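1. here is my input, please return the structure:
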Amino acid sequence: MLSLPKVLSFTPKFATAILACTLSLFCQANTTNPIDLKQSPDALLSNLQRGVAYSGFRHGQHPDRGEGAVLPSDEQILEDLNLILASGFNLIRLYDSQQNSRDVLSVIKHNNLPIKVMLGIWLHAEISNHEGCEWITSPTPQTKLDANQSKNEKEITQGINLANEYSSIVVALNVGNESLVTWNDHLVSIESIIAYITKVKKSTTQPVTTADNYEVFATYGHQLADHLDFLAVHTYPQWEGKTIDEALPYSIENLKKIRAVLPNKPIVIAEAGWASQASEFQERASEAQQHRHLTELMNFGNENNITVLWFEAFDEDWKGHDNNPLGAEKHWGLFNIDRTPKKAVKKNPSTITHVPQN
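-> Numbering: from 1, shown residues only. Modelled structure (predicted):
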């Protein structure tokens, strides 16, 4: 801030002149030193710019929700992966280290598919978030939280084992998905996240991160930075009330918010999407708008050497409320649940710039 000598007469005219001068200096500083999001090519995840989240649960299938899982067959997984490849994606994100993820890795290996994987390690709640999560109506019993911690420790071990067994396929590990954002139902302390990440890094050779909302990295970035090899950022302008015209500029502002805190840490957009239909979004959801956001976001990633993992490959009707078939959670896919393509992938996405692969 400029300091004015006491002898100066502080008249309205003088104050206006000083303000104009100060603003001019501020604008010049911000013009000459803007926040630059362009990364070097080695910031790309495994030299791949385009990726997609994959969870292959079809109608009648689901992960374990307390009474056992109903998993896709190897034949169904292979069909999905070939559709993903045909759509121009060679990188997929998996969310846990359970049997379904093992099956996917096995199918990739045994069919020699040119697909790399960002493997997830799912963390269950270790803190009762009944005061922060709107759909948790009462405190989670400590016995349940203790059981969750045991599950998490087992999941960590399974993730390490998969990463080492499929080391030529798994190119990164993600420990915890939205485990720190304050509105979630599987809250984990930042100390616990760091301890898990440290354990994984000691036992694997791949880059390790945690994936979360952009606000988490803007808020806790300094605490996390030394423990993460890159930042796996989620950004969803549609959830935050933005129109399709506002979507890309808003996503860019999200990233700049992080870059202002962590100017040198590599960024990967680990989740970004646009629901093709949704009762929550009404006219802001359509296949045309989904196609536009995909195209704009992938082109932005290409221009700035940022890996973008689109959420997601296929619609999943097990998600959300059973009594709301038009709920957004069910309709983020580039393909419908019956594997028919939506507008964004009905033709080879030639409008999206591809990064040449070495």
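2. now do the contacts for residue 113.
-> For residue 113, the contact set (CB atoms under 8 Å, 6 or more residues apart in numbering) comprises 81, 82, 85, 107. C-beta coordinates here come from the backbone N, C-alpha and C atoms, glycine included.
3. mind listing which of the residues you listed are in strands?
-> Applying DSSP state E to the contacts of residue 113, no entry is found in strands.
4. buried subset of those residues, written for PyMOL?
-> A single PyMOL command suffices to select whichever of the contacts of residue 113 are buried according to 16 or more other CB atoms under 10 Å:
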select buried, resi 81+107
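5. and of the contacts of residue 113, the nearest to residue 228?
-> residue 81 (28.2 Å; CB to CB).
6. I figured the closest one hits residue 106, correct?
-> No. Using CB atoms under 8 Å, residue 81 is not in contact with residue 106; the gap is 11.5 Å.
7. sorry, back to before: I'd like the contacts of residue 113 written out as JSON lines, with distance to residue 194 added.
-> Converted to JSON lines, the contacts of residue 113 look like this (distance: CB to CB, whole Å):
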{"residue": "81", "distance to residue 194": "34"}
{"residue": "82", "distance to residue 194": "39"}
{"residue": "85", "distance to residue 194": "36"}
{"residue": "107", "distance to residue 194": "33"}
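8. how about the strands in the chain?
-> Taking DSSP E to define them, one finds strands in the chain at 50-53, 91-93, 116-121, 170-177, 208-213, 231-234, 267-272, 308-310.
9. dump these into CSV; add distance to residue 302, mean pLDDT and mean neighbour count as well.
-> Formatted as CSV, the strands of the chain follow (distance: least, CB to CB, whole Å; pLDDT from 0 to 100; neighbours: other CB atoms under 10 Å):
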stretch, distance to residue 302, mean pLDDT, mean neighbour count
strand 50-53, 8, 98, 24
strand 91-93, 14, 98, 25
strand 116-121, 17, 98, 26
strand 170-177, 19, 98, 25
strand 208-213, 21, 97, 26
strand 231-234, 17, 98, 26
strand 267-272, 12, 98, 25
strand 308-310, 9, 98, 27
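10. how about those strands in CSV, adding distance to residue 284?
-> Below are these laid out as CSV (distance: least, CB to CB, whole Å):
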stretch, distance to residue 284
strand 50-53, 21
strand 91-93, 25
strand 116-121, 28
strand 170-177, 25
strand 208-213, 20
strand 231-234, 19
strand 267-272, 15
strand 308-310, 18
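11. for residue 133, find the nearest of these.
-> Of the strands of the chain, nearest to residue 133 by CB to CB is strand 208-213, at 13.7 Å.
12. contacts made by the closest one with the rest, please.
-> With CB under 8 Å, 6+ apart, strand 208-213 has contacts from 120, 172-181, 193, 197, 200-201, 224, 228-235, 268, 270-271.
13. quick check: angle from it to strand 170-177?
-> Orientation of strand 208-213 against strand 170-177 (axes from the mean of the first three to the mean of the last three CA atoms, to 10 degrees) gives an angle of 50 degrees.
14. so what are the sheet partners of strand 208-213 and their directions?
-> The pairing partners recorded for strand 208-213 under DSSP bridges are strand 170-177 (parallel), strand 231-234 (parallel).
15. closest one to residue 61 among these?
-> Checking the strands paired with strand 208-213 against residue 61 by CB to CB gives strand 170-177 as the closest, at 19.9 Å.
16. what about that closest one, distance to the chain center?
-> 11 Å (CA atoms, centre = their mean, to the nearest Å).
17. and for it, what's in contact with it?
-> Outside of strand 170-177, the residues within contact range by CB under 8 Å, 6+ apart are 45-46, 91, 93, 95, 105, 116-123, 156, 159, 162-163, 188, 193, 196-197, 200, 204, 206-212, 229-230, 232, 270.
18. what number of residues lie near residue 127?
-> Neighbours of residue 127 under the rule other CB atoms under 10 Å: 16.
19. likewise for the one 4 residues further on?
-> Using other CB under 10 Å, the number of residues around residue 131 comes to 8.
20. tell me how far it lies from residue 183.
-> Distance of residue 131 to residue 183, given as CB to CB, to the nearest Å: 11 Å.
21. can you check the pLDDT for the spatially closest residue to residue 111 that is not a sequence neighbour?
-> Leaving aside its sequence neighbours, residue 111 sits nearest to residue 78 (CB to CB, 6 or more residues apart in numbering; 6.2 Å). Residue 78 is assigned a pLDDT of 98 by the prediction.
22. residue 78 and residue 109 touch, don't they?
-> No. Between residue 78 and residue 109 there is no contact under CB under 8 Å: 11.8 Å.
23. neighbour count winner among these two?
-> Neighbours of residue 78 and residue 109, each counted by other CB under 10 Å, are more numerous for residue 78; the result is 17 against 14.
24. any idea how far that one is from residue 143?
-> Following CB to CB, the distance that separates residue 78 from residue 143 is 41 Å.
25. okay, now the unreliable bits of the stretch 201-350 of the chain?
-> 347-350 (pLDDT under 70).
26. quick one: the helices in it?
-> With DSSP state H, counting those that start in this stretch as the criterion, the stretch 201-350 of the chain has helices at 214-224, 244-261, 287-304.
27. that's all I had, so thanks and see you.
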